[in-house]
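[1] Quick one: sequence and predicted model below, then my questions.
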Amino acid sequence: MMRDPKVRLRGAIAIVGAGESDELGRLPHKSALTLHMEAAHNALADAGLRKEDVDAVFTAGRNMANEVPEYLGIRPRYVDGTQMGGCSFMAHVEHAMAGIAAGLFEVALITHGESGYSRVGMPATRWGEDSNNAQFELIYGHAGPTTGYGLVATRHMHVYGTTKEQMAEVAVATRKWAALNPRAFMREPITIEDVLTSRLIAWPFNLLDCCLVTDGGGAIVVTSAERAKDLRKQPVYVLGTGEAVSHQMVSQMPNFDRWDAAIVSGARAFAMAGVSHRDIDLCELYDAFTIVPILAVEALGFCKPGEGGPFLSGQRTAPGGDFPMNTNGGGLSYTHTGMYGMFAIVEAVRQLRGECGARQVPNAKIALCHGTGGTWSSAATLILGTEIP
Amino acid sequence: MAIKPTPETRPFWEAAKRRELRVQRCQDCGCHYFYPRPMCPYCLSRNVAWVTCSGRGRLHTFVINYRPPRHFPAQEPYILGIVELEEGPRLMTNIVGVEPDPKAVRCDMPVEVVFEDLDEQFALPKFRPIS
Ligand SMILES: [Zn+2]
C-alpha cells in the first residue's frame, strides 16, 4: 500500500504563537479589523516575533486578504484568503505547512477578527436576491445555521435514536469547562433540564443547544519546526492535517445523518499523524450547536456511526472526565464570533503548553482540533503534539 | 421577500407558476438533478433537458422554526423541510397542511407538491402530507 505523501510533512511546522483579542464578548467599541489587530499583536508577542518577521498572512472573509495586511502594516510575500467558513483557520494551517515546506515563506500569521454580534466594520453577508441560496432556500424561511444544522439533528435522531438529552449533555459539560475559564462569556452552571426547557429556537434546538454570538479575534503564528526551536515558547508541532468541502447550500448536503466532509478531513489527519484515537489527550471540536460534536466523534472515528450521542453522554467530556472536550468552554459558552475555528486552535496550543491553569488537562501531549464551516459544508482537522512521534 | 430568477433558473419558476414542478434530467447519465444549472453535476454533461416531476416524494428531514429571519413574513412557527422527490433530487421547502409539531411530522413521511402564489408572477412549490 502506498504511503500518504503527506506523511513526510508530519512535524514539519509548529505553532509558535497564539493569542486572542484583548477583549472577547460584546464589543461595540471595536471594529472587526481592530480585533484582528489585537489578536495578531498578541500572538506575535507570544511567539517573541516582530511583524517584520512575518512573510505570509492567512485570513478568511470578504476582502480580508487585502485589508488585514494593510491594517497591520505587513507586506507579505504570500497571502491566502481561503474562506470555507468557521474551519478556514484550520485549513490555513495545512496551506501554511505546504508553503513553508516548499520554501515559499518562513513565518505565517493566521488571523481572525470578527464583530459577529456588534457588526462593527463588518462586510455585509446577505446573499444577493438572484443567488441560488435566496431562490431555493431563503425564500422558505431558512434562517441559516440554526435551521441548517437542525436538519441534520432531526435526521440523526430519526435514523439513530439520538436524543435531545444527549445533545443537552454536550451543553452542560461544556459549561463546566467555561466555569473554569475567566474569559468565558457564559459561566453560570446549567443542568440538562435547563437546556431542555430553554426557549425553542428551531426544533430540535432549544436556546442552550445553540452557540453564543460574540465579537472577538484570535491569531496563531506558524513556522518551520527548525525555526521554532529558537523561539520563546515550547513549539506545538502539527502532526496531521485534513480538509474537505462537500456542498454549500444545506439542501445539497449529500447525507443528512453523517458529516461527509469531516469523514474525509479526519481520515487524512489521522493518516498523516500516525497516531491512534487512544493517543488523543483532548479534543477541541467546533460546537456551533450541541449536535456538531456528536457527528464529529462519529466522523472522526472515535465511535461508530450513530453512537455519537451515547459516546458523549454521562458528562465524560466535562472536567475530570475521560474524554476532555472543548476545554475553553467552546462556542457554546466561551465565545463564538461566527468563525469559531481559530479559538479551538488557540485553546489546543495552550493546553499542550500547560498554560491553562484551573482547566488544564493533566499531561496533555496530543490534541485534536476539528471544525465545520457553512452548514456542515466543510471540515478541517488538525492533530497537534508536543513532540514529533 | 421576492424571487429574482437568473436565466438558468427562470424555466423552473415559469413552470411553478403553471403549477408544474420541473427539474432537469441529464440525457447522458439519466440522473435528475436540482437546483437548475445547464450542466449535469454527476457527469458534467451539458446535454440536459427539463422534465416534469410527479410531484410526490418523501420528507427526508425537517426543523420547526420559531425564529423567522428578518426577510421572512411568518408569525407562527413553520416547518422547513427537505423533500426527496420520487425522481431523486432533494429540495428545501415548507411542509404545509400539518401542525408544526414534532409529534405530527416525521422523517420519511410521503408528501405531495402544492403551489402557493407568492405574488402575481411567482408561485412557490410547497409540500403536504399524503396518507
Ligand atoms: Zn449526467
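    Looks like it arrived, so ask away. Numbers count the residues shown, from 1 in each chain, chains lettered A, B, ... in the order given.
[2] Next secondary structure after the longest strand along chain B?
    In terms of residue count, the longest strand belonging to chain B (DSSP state E) is strand B:56-65. Using DSSP states H and E, the helix or strand that follows strand B:56-65 in sequence is strand B:78-85.
[3] So, low pLDDT: which residues of the stretch 51-200 of chain A?
    For the stretch 51-200 of chain A, the stretches with pLDDT under 70 are A:125.
[4] please redo it, this time with the cut-off set to 90
    Scanning the stretch 51-200 of chain A for pLDDT under 90 picks out A:61-64, A:122-127.
[5] In it, what residue lies closest to the ion?
    The minimum distance from the stretch 51-200 of chain A to the ion, using C-beta to the ion, falls at A:Asn132 (19.0 Å). The way it works is simple: take the backbone N, C-alpha and C, and place the C-beta from them, glycine included.
[6] any idea how far the residue located most distally from the centre of chain B is from A:Cys303?
    Within chain B, B:Asp28 marks the point farthest from the mean C-alpha position, 24.0 Å out by C-alpha atoms, centre = their mean. Counting by C-beta to C-beta, to the nearest Å, the gap from B:Asp28 to A:Cys303 is 41 Å.
[7] quick one on the thing from earlier: isn't the residue of the stretch 51-200 of chain A closest to the ion right up against A:Met249?
    Yes. Between A:Asn132 and A:Met249 there is a contact under C-beta atoms under 8 Å: 6.4 Å.
[8] what's the one helix or strand A:Gly242 maps to packed up against?
    Per DSSP H and E, A:Gly242 falls inside strand A:236-245. Secondary-structure packing of strand A:236-245 (3 or more C-beta pairs under 8 Å, 6 or more residues apart in numbering or on different chains; DSSP states H and E): strand A:13-20, helix A:88-101, helix A:260-273, helix A:341-353, strand A:378-385.
[9] List the buried residues of the third one.
    In this case it means helix A:260-273. Burial within helix A:260-273, assessed by neighbour count using 16 or more other C-beta atoms under 10 Å in any protein chain shown, is assigned to A:260-270, A:272-273.
[10] Mind listing the strands the longest strand of chain B pairs with, and their directions?
    Here strand B:56-65 is paired, per DSSP bridges, with strand A:200-203 (antiparallel), strand B:78-85 (antiparallel), strand B:110-117 (antiparallel).
[11] if we can go back for a sec, out of the helices and strands packed on strand A:236-245, flag the one nearest chain B.
    For chain B, the closest of those is helix A:260-273, at 14.4 Å, according to C-beta to the nearest C-beta.
[12] tell me the angle of the closest one relative to helix A:88-101?
    Here the directions of helix A:260-273 and helix A:88-101 differ by 40 degrees (axes from the mean of the first three to the mean of the last three C-alpha atoms, to 10 degrees).
[13] So which elements touch helix A:260-273?
    Helix A:260-273 packs on strand A:236-245, helix A:291-299, strand A:366-373, strand A:378-385, going by 3+ C-beta pairs under 8 Å, 6+ apart.
[14] Report the contact partners of A:Asp287.
    A:Asp287 is in contact with A:170, A:174, A:211, A:293, A:326, A:330-332, A:340, counting by C-beta atoms under 8 Å, 6 or more residues apart in numbering or on different chains.
[15] Please tell me how far it sits from A:Gln83.
    21 Å.
[16] Now B:Pro11: closest residue in space that isn't a chain neighbour?
    Distance criterion C-beta to C-beta, 6 or more residues apart in numbering or on different chains; nearest residue to B:Pro11, sequence neighbours excluded, is B:Trp50 at 5.7 Å.
[17] Flag every residue of chain B that's near chain A.
    Neighbours of chain A within chain B, by C-beta under 8 Å from any C-beta of the partner chain: B:1-6, B:9, B:13, B:35, B:60-69, B:71-72, B:74, B:77-78, B:80, B:82, B:90-94, B:102, B:106-108, B:118, B:124.
[18] ok, A:Gln358 touching A:Ala184?
    For the record, residue A:358 is Ala, not Gln. No. Using C-beta under 8 Å, A:Ala358 is not in contact with A:Ala184, being 11.5 Å away.
[19] Going by distance to A:Pro362, which of the contacts of A:Asp287 wins?
    For the contacts of A:Asp287, the minimum distance to A:Pro362 (C-beta to C-beta) is 17.1 Å, reached by A:Asn326.
[20] Next, the contact list for the closest residue to the closest one other than its chain neighbours, please.
    In space, and not counting its chain neighbours, A:Asn326 is closest to A:Thr174: 5.0 Å by C-beta to C-beta, 6+ apart. Contacts for A:Thr174 (C-beta under 8 Å, 6+ apart) come out as A:287, A:317, A:325-326, A:329-330, A:332-333.
[21] Compute the distance between A:Thr174 and A:Ser333, please.
    5 Å.
[22] Can you add pLDDT and distance to A:Glu188 and give the buried residues of helix A:260-273 back as JSON lines?
    Listed next are the buried residues of helix A:260-273 as JSON lines, based on pLDDT from 0 to 100; distance: C-beta to C-beta, whole Å:
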{"residue": "A:Asp260", "pLDDT": "98", "distance to A:Glu188": "36"}
{"residue": "A:Ala261", "pLDDT": "98", "distance to A:Glu188": "34"}
{"residue": "A:Ala262", "pLDDT": "98", "distance to A:Glu188": "31"}
{"residue": "A:Ile263", "pLDDT": "98", "distance to A:Glu188": "36"}
{"residue": "A:Val264", "pLDDT": "98", "distance to A:Glu188": "38"}
{"residue": "A:Ser265", "pLDDT": "98", "distance to A:Glu188": "34"}
{"residue": "A:Gly266", "pLDDT": "98", "distance to A:Glu188": "33"}
{"residue": "A:Ala267", "pLDDT": "97", "distance to A:Glu188": "38"}
{"residue": "A:Arg268", "pLDDT": "97", "distance to A:Glu188": "39"}
{"residue": "A:Ala269", "pLDDT": "98", "distance to A:Glu188": "35"}
{"residue": "A:Phe270", "pLDDT": "97", "distance to A:Glu188": "37"}
{"residue": "A:Met272", "pLDDT": "97", "distance to A:Glu188": "40"}
{"residue": "A:Ala273", "pLDDT": "97", "distance to A:Glu188": "37"}
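[23] Now the two most distant members of the residues you listed.
    Farthest pair in those, by C-beta to C-beta: A:Asp260 and A:Ala273, 20.9 Å.
[24] count of neighbours near B:Pro73?
    When neighbours are counted by other C-beta atoms under 10 Å in any protein chain shown, B:Pro73 registers 7.
[25] For chain B, which residues are neighbours of the ion?
    If contact is defined as C-beta under 5 Å from the ion, the residues of chain B in contact with the ion are B:26, B:29, B:40, B:42-43, B:45.
[26] Please repeat the previous calculation with a cut-off of 8 Å.
    Counting by C-beta under 8 Å from the ion, the residues of chain B close to the ion are B:26-31, B:33, B:40-45, B:48.
[27] Specify which member of those residues is nearest to chain A.
    Distances from chain A to those, taken by C-beta to the nearest C-beta, are shortest for B:Pro41, at 8.8 Å.
[28] what's stretch B:43-59 in contact with?
    B:11, B:15, B:20-29, B:31-32, B:38-40, B:81-87, B:95, B:105-113, B:127, B:129-130.
[29] the strands in chain A, which residues?
    Ranges of strands within chain A are A:13-20, A:56-59, A:78-80, A:107-115, A:200-203, A:205-206, A:215-224, A:236-245, A:282-285, A:366-373, A:378-385, based on DSSP E.
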